[in-house]
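Q: Any chance you could fold what I've pasted below:
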Amino acid sequence: MATITEVAKLAGVSVKTVSRVMNDYEHISSKTREKVENAMEELSYAPSAIARQMRLGDSLSIGMLYGDPGSGYQSRLNHAVLKACSDARRYLAVEFFDEKNNDWRGQVEAFLDRTRVKNMILVPPMCDSSDIHDLLETRGVNSVLISPSRPIPGKVSVTMDDRSAAREITDHLIEFNHKIIGHIAGHPDHVATLLRRQGFEEAMMRAGLAGPASMHIESGRFRFRNAMECAEKMLTAANRPTAIFAANDEMASAVLMTANRLGLRVPDDLSIAGFDDTPIAKTVWPDLTTISQPFGAIAEAAVDAIRMAKRGEAEISQTQILPHGLIIRASTGPAPI
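A: Numbers count the residues shown, from 1 in each chain. The predicted structure is shown next:
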């Protein structure tokens, strides 16, 4: 097993310099950092995680709290952040967060006390809590926001354009000549719910399809069972939609199950579109047309922002908007004649 002395010798630097690179010391040139990292890779040098943590506390750890770790969106994001942390030689501390418990601040304080993390990635809805931002500021914890509803002074935000993506997927349905389209919205406390509904409504208005005769809107709260009830209501209505856009893939799958139970063929009788491109979108049959979130790029950008903030390189109030993709699969097709 290689030693730190061997890494220093191969890189042509001192042992102290190697240690500073591993500890992410601010005043190291990019050229020196690259030489050391290349030497570490060539020698397959892996420093003791326990020893590093004893020296550094948890300055290399990144904390993350999830309201629903079982959801497709959060599981995909969690995996992406894990990989981004691993690639950046960081440790990820993840814990359950109870959104229904009104003491949000207390939950975060307890997490910080247990983990001693000095960096956090905040996801919706926590990223919009001014109380949590105040707490992290008081505790000296750096944070990066994923998909906040608004820019926060002094914070880096990483997001995609949910509104534009919702317009695009609704336009896809309209291009198939669907005249009556339903939308199953997400949880009312999440900004993505509002943005995706706005995008849907804007596309419908632009196509001259605004109003109750052309639009059905129900709230599925991002939940499978809630979405089944919404789909049942829509698909048994007198002027039932010929297409439904659900605000996530889990709800779109619930629409698909409901349509099958009611004897409707997808996409011949009903087109269905989702959002997020989570694993369920490719598991159900027919597979779902959906919006692909750039989970990997979002996670990498968030971890990079934390690294740059430590070195004093991050721009204040910087918002990074990453591109999405429209993934067209078998669940959407021309409107029935």
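Q: Count the neighbours of Arg225 for me.
A: Here the number of neighbours of Arg225 (other C-beta atoms under 10 Å) works out to 12. Using the backbone N, CA and C atoms, a C-beta is placed for each residue, glycine as well.
Q: So Ser219 versus Ile169, what's the distance?
A: 18 Å (C-beta to C-beta, to the nearest Å).
Q: Quick check on the two: which one has the bigger neighbour count.
A: Higher neighbour count among Ser219 and Ile169: Ile169, with 24 against 18, using other C-beta under 10 Å.
Q: The more buried one touches Phe275, doesn't it?
A: Yes: assessed by C-beta atoms under 8 Å, Ile169 is found in contact with Phe275 at 7.1 Å.
Q: Touching both of these two, which residues are there?
A: 245, 290-291 (C-beta atoms under 8 Å, 6 or more residues apart in numbering).
Q: In ChimeraX, select just the buried ones from those.
A: Selecting only the buried entries of those in ChimeraX, with 16 or more other C-beta atoms under 10 Å as the criterion:
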select :245,290,291
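Q: Let's see which of the shared contacts of Ile169 and Phe275 end up in strands.
A: Under the assignment DSSP state E, the shared contacts of Ile169 and Phe275 contribute 245, 290-291 to strands.
Q: Nearest residue to the middle of the protein?
A: Geometric centre of the chain, nearest residue: Leu77, 4.9 Å, by C-alpha atoms, centre = their mean.
Q: For that residue, give me its contacts.
A: 123, 146, 295, 298-299.
Q: at 7 Å instead, please
A: If a contact means C-beta atoms under 7 Å, 6 or more residues apart in numbering, then Leu77 has 123, 295, 299 as its contacts.
Q: I'd like to know how many residues surround the last one.
A: Under the neighbour criterion other C-beta under 10 Å, Ala299 is assigned a count of 25.
Q: just checking, it touches Ala84?
A: Yes: contact criterion C-beta atoms under 7 Å: Ala299 and Ala84 qualify, at 4.0 Å.
Q: Pull out the buried residues from stretch 122-131.
A: So, applying 16+ other C-beta under 10 Å, buried residues of stretch 122-131: 122-129.
Q: What are the contacting residues of that stretch?
A: 65, 77, 97, 99, 104-105, 132, 143, 145-149, 189-192.
Q: Go through the residues you listed and flag which are in helices.
A: 77, 104-105, 132, 191-192 (DSSP state H).
Q: Distance to Ser14 added to those residues, as JSON lines?
A: Below are the ones in helices among the contacts of stretch 122-131 laid out as JSON lines (distance: C-beta to C-beta, whole Å):
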{"residue": "Leu77", "distance to Ser14": "40"}
{"residue": "Trp104", "distance to Ser14": "46"}
{"residue": "Arg105", "distance to Ser14": "45"}
{"residue": "Ile132", "distance to Ser14": "42"}
{"residue": "Val191", "distance to Ser14": "49"}
{"residue": "Ala192", "distance to Ser14": "49"}
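Q: Distance of Gln198 relative to Arg265?
A: For Gln198 relative to Arg265 (C-beta to C-beta), the value is 31 Å.
Q: Of these two, which one has the most company?
A: Neighbours were counted for Gln198 and for Arg265 using other C-beta under 10 Å; Gln198 has more, 14 against 11.
Q: Please name the nearest non-neighbouring residue to the more buried one.
A: Arg163 (5.3 Å; C-beta to C-beta, 6 or more residues apart in numbering).
Q: how about the one you found, secondary structure?
A: helix (DSSP: H, G, I helix; E, B strand; the rest coil).
Q: Asp113 now?
A: helix.
Q: And it, how far from Gly63?
A: 12 Å.
Q: for this protein, what helix or strand is lowest in average pLDDT?
A: Here the helix or strand of the chain ranked lowest by mean pLDDT, DSSP states H and E is helix 49-56, holding a mean of 47.
Q: what about dumping the CA coordinates of stretch 218-238 to CSV?
A: Presented in CSV, the C-alpha positions along stretch 218-238 are these (Å, rounded to 0.1, in the frame of the first residue of the first chain):
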residue,chain,number,x,y,z
GLU,A,218,-56.3,18.1,-9.9
SER,A,219,-53.8,17.9,-7.1
GLY,A,220,-52.1,14.6,-6.6
ARG,A,221,-49.5,15.8,-4.1
PHE,A,222,-46.7,13.8,-5.9
ARG,A,223,-48.3,10.6,-4.4
PHE,A,224,-49.3,7.5,-6.3
ARG,A,225,-52.6,6.8,-4.5
ASN,A,226,-53.7,10.5,-4.6
ALA,A,227,-53.0,10.5,-8.3
MET,A,228,-55.1,7.4,-8.8
GLU,A,229,-58.1,9.2,-7.3
CYS,A,230,-57.4,12.3,-9.5
ALA,A,231,-57.2,10.1,-12.6
GLU,A,232,-60.4,8.3,-11.7
LYS,A,233,-62.2,11.6,-11.5
MET,A,234,-60.8,12.9,-14.8
LEU,A,235,-61.3,9.7,-16.8
THR,A,236,-64.9,9.2,-15.7
ALA,A,237,-65.9,12.8,-16.4
ALA,A,238,-68.3,13.5,-19.3
